[in-house]
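1. I'd like to go over a predicted model; first the sequence, then the structure.
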Amino acid sequence: MSTGAWVLVVIAGVLLLVTIYDLVQTKHAILRNFPILGHFRYIFEAVGPELRQYIVTNNDEERPFSRDQRRWVYASSKGQNNYFGFGTDNDLEQASNYLIIKHSAFPKGPHGDDPMHPLPCAKVLGGARGRKHAFRPGSVINTSAMSFGSLSKAAVEAINRGCAKAGALQNTGEGGIAPYHDHGAGLIFQLGTGYFGARTKDGRFDLAMLKDRVARYPVKALEIKLSQGAKPGKGGILPAAKCTPEIAAIRGVEPGRAVVSPAAHSAFGSVDELLDFVEHLAAETGLPVGIKSAIGQEAMWHELAHLMATTGRGVDYIQVDGGEGGTGAAPLVFSDHVALPFKVGFTRVRAIFERAGIADQVVWVGSGRIGFPADALFAFGLGCDMIAAAREVMLAVGCIQAQRCHTGHCPTGVATHNRWLVRGLDPTSKADRVAGYLATFRHELLALTHACGHDHPCEVGIDAFEIVEGFVARSPRDLFGYEPGWGSPSEAIRAEAAALMRAGGHV
């Protein structure tokens, strides 16, 4: 053969070997699903900082998550160097609504450099209402609702395994409990308006089925979803392409057809009935029961706080989801224009419960694009006790923000049920990345807490922050109308949490 022919044979041989390697390796879903071609993604990512000197978008412009945010998640999840060099590339003097954390001149020394250092919740979930199975969550960072159906079986399993390694809780989402949720992590079983996994044939709530699931799986708490940030006032949407026979069987619906949950619950139709439902679930299961909601009209929250303060009934936790929250599929107008942003919505509801004198009786959970250390610490300053992350966890699993969740063609196998694409996502290796993200998140949140001079994030109050607008810095206390003491748990709870951390943080 001629020299040229030999060169072609060698090239073909190299490409064949690379293809085989790509198909059998388990660390990179993109390479498994798109051998050869997938390498270009990593090449472009590696030279991105240099290329972006000549391309329009910068490190902070992309949405919903910037390049800097995604790079931090990817590096943290893989245990790689997640530092950034040369200083901030944000224009602090021209920034709008820019968060500044005010560190202490006398920071706390680290309790240790172990990234898996525990960071438990300051409050006992269900403790205020004496639930039979009340417990103290071992991690203040947990996952928000992501259903099997919206996500692939491999992604759900990876998240469960990762949560188990990191000691975090996994929220099932409204799609019910699947076998892929049963790999060691404690579960929060979400009940949406469709009651999937606990419903009768005509779509109504089935208590016996719920109790069966609770008995069979490691369910630690129940969550009633009133609404979510990305599509508040509208039920969940599962496109027909993602309603496989397996998913349909778990949900109790017909396969191959779009599943649209009702906008409202059939088990209750008022705040008073909601509280009866909550107490009924708690009495029948012994589990803490919470609610998740985006924030719109405030009348419901005033009534809820009033009834909780006067009737002895109540929810054990409230998860406030911001309008910037994510979803697998939603109408654009709902995602863009319905529900208040997290910071505005959360502070309004928290203020209502502070005025009613019952804020300490509730475990407060924040969600809606706050799965990063600075945002999380600010949420604690506003009054959160825990943070629930979803899309950030998806990034750790391998999501590249392709924004094709609603099509059934997610290239990384995270939000699809295409068999070829799902096979590219190895649950075991991705579980390590989920655990890495959760652990690093907690580790850096704790480092920020120490920088502010405290042992536990619940001790960091609202006065530890300022909001910069150009050359003017404003106090969040003034912006959100917080009175002294609002947003912080009682001194007894703070002292208990600090003592717990100084003793090692293990529950």
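-> Arrived safely.
2. Going by C-alpha atoms from here, please, whenever you check contacts or count neighbours.
-> OK.
3. Let me see the mean pLDDT of the helix or strand harbouring Ala495.
-> Using DSSP states H and E, the element containing Ala495 is helix 491-502. The average pLDDT for helix 491-502 rounds to 93.
4. Three-state assignment for Leu395, please.
-> Of the three states, Leu395 takes helix according to DSSP: H, G, I helix; E, B strand; the rest coil.
5. ok so, going back, now do the buried residues in the helix holding Ala495.
-> Ile493, Arg494, Ala495, Ala497, Ala498, Leu500, Met501 (16 or more other Cα atoms under 10 Å).
6. May I see those arranged in TSV, with distance to Leu479 as well?
-> Formatted as TSV, the buried residues of helix 491-502 follow (distance: Cα to Cα, whole Å):
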residue	distance to Leu479
Ile493	26
Arg494	25
Ala495	28
Ala497	28
Ala498	28
Leu500	33
Met501	31
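7. Going by distance to Gly126, which of these wins?
-> Distance to Gly126, by Cα to Cα, is smallest for Ile493 among the buried residues of helix 491-502, at 14.4 Å.
8. Contacts only, for the residue lying closest to that closest one once chain neighbours are set aside.
-> Setting aside the residues directly before and after it, Ile493 is nearest to Ala122 in space (Cα to Cα, 6 or more residues apart in numbering), at 6.4 Å. Counting by Cα atoms under 8 Å, 6 or more residues apart in numbering, Ala122 touches Arg136, Asp385, Cys458, Ile493, Arg494, Glu496, Ala497.
9. Test my guess that Thr244 contacts Val253.
-> No: judged on Cα atoms under 8 Å, Thr244 makes no contact with Val253 at a distance of 10.1 Å.
10. can I see the domain layout of this structure?
-> 3-92, 141-251+278-502 (automatic domain parsing).
11. hey, which of the ones you listed is tucked in deepest?
-> The highest average neighbour count among the domains of the chain, using mean count of other Cα atoms under 10 Å, belongs to domain 141-251+278-502 at a mean of 22.
12. How far off centre is that domain?
-> Its chain's average C-alpha position is 5 Å from that of domain 141-251+278-502, according to Cα atoms, centre = their mean, to the nearest Å.
13. can you tell me the distance between the two ends of that domain?
-> End-to-end span of domain 141-251+278-502 (Cα to Cα, to the nearest Å): 19 Å.
14. returning to that earlier point: pLDDT score for the residue nearest to Ile493?
-> 97.
15. Give the lowest-confidence helix or strand of the chain, using mean pLDDT as the measure.
-> Across the helices and strands of the chain, mean pLDDT, DSSP states H and E gives its lowest value to helix 48-51, namely a mean of 55.
16. now the helix or strand following that one: mean pLDDT?
-> Sequence order places helix 67-78 as the next helix or strand after helix 48-51, per DSSP H and E. On average, the pLDDT along helix 67-78 is 92.
17. Direction included, what does the helix or strand just after helix 67-78 pair up with?
-> Next helix or strand after helix 67-78 toward the C-terminus (DSSP H and E): strand 98-101. Here strand 98-101 has these sheet partners by DSSP bridges: strand 465-469 (antiparallel).
18. How about residues contacting the next helix or strand after the partner strand?
-> Sequence order places strand 472-474 as the next helix or strand after strand 465-469, per DSSP H and E. By Cα under 8 Å, 6+ apart, the list of residues contacting strand 472-474 from outside reads Glu466, Ile467, Val468.
19. go on, stretch 450-458?
-> Under Cα under 8 Å, 6+ apart, the answer for stretch 450-458 is 102-104, 106-110, 119, 122, 377, 380-381, 383-385, 445-446, 449, 460, 464, 488-489, 494, 497-498, 501-502.
20. if you set the cut-off to 7 Å instead, what comes out?
-> Here stretch 450-458 makes contact (Cα atoms under 7 Å, 6 or more residues apart in numbering) with 102-104, 106-110, 122, 377, 380, 385, 446, 449, 460, 488, 494, 497-498, 501.
21. Inside strands: which ones of these?
-> Secondary structure defined by DSSP state E assigns none of the contacts of stretch 450-458 to strands.
22. List the contacts of the residue nearest the centre of the chain.
-> Closest residue to the average C-alpha location of the chain: Ala389 at 1.5 Å, with Cα atoms, centre = their mean. Residues in contact with Ala389 (Cα under 7 Å, 6+ apart) are Asn142, Thr143, Ser144, Ser367, Gly371.
23. Need these in a markdown table (columns: secondary structure, distance to Leu226 and pLDDT).
-> Listed next are the contacts of Ala389 as a markdown table, based on DSSP: H, G, I helix; E, B strand; the rest coil; distance: Cα to Cα, whole Å; pLDDT from 0 to 100:
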| residue | secondary structure | distance to Leu226 | pLDDT |
| --- | --- | --- | --- |
| Asn142 | strand | 20 | 98 |
| Thr143 | strand | 18 | 98 |
| Ser144 | coil | 14 | 97 |
| Ser367 | strand | 14 | 96 |
| Gly371 | coil | 22 | 96 |
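24. could the residues you listed be laid out in a markdown table, adding distance to Ala185?
-> Formatted as a markdown table, the contacts of Ala389 follow (distance: Cα to Cα, whole Å):
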| residue | distance to Ala185 |
| --- | --- |
| Asn142 | 11 |
| Thr143 | 11 |
| Ser144 | 14 |
| Ser367 | 20 |
| Gly371 | 19 |
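25. Spell out, range by range, the strands that occur in this protein.
-> 98-101, 141-143, 169-171, 186-191, 219-225, 237-238, 259-260, 289-294, 317-321, 363-367, 386-389, 465-469, 472-474.
26. just checking, what packs against the fourth one?
-> Spelled out, it's strand 186-191. strand 169-171, strand 219-225 (3 or more Cα pairs under 7 Å, 6 or more residues apart in numbering; DSSP states H and E).
27. Can you check which of the ones you listed gets nearest to Ala158?
-> Across the helices and strands packed on strand 186-191, closest to Ala158 is strand 169-171 (Cα to Cα), at 10.8 Å.
28. a markdown table please, covering the strands of the chain and showing distance to Lys343.
-> Shown next, in a markdown table, are those (distance: least, Cα to Cα, whole Å):
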| stretch | distance to Lys343 |
| --- | --- |
| strand 98-101 | 12 |
| strand 141-143 | 18 |
| strand 169-171 | 22 |
| strand 186-191 | 23 |
| strand 219-225 | 20 |
| strand 237-238 | 26 |
| strand 259-260 | 29 |
| strand 289-294 | 11 |
| strand 317-321 | 9 |
| strand 363-367 | 9 |
| strand 386-389 | 13 |
| strand 465-469 | 12 |
| strand 472-474 | 15 |
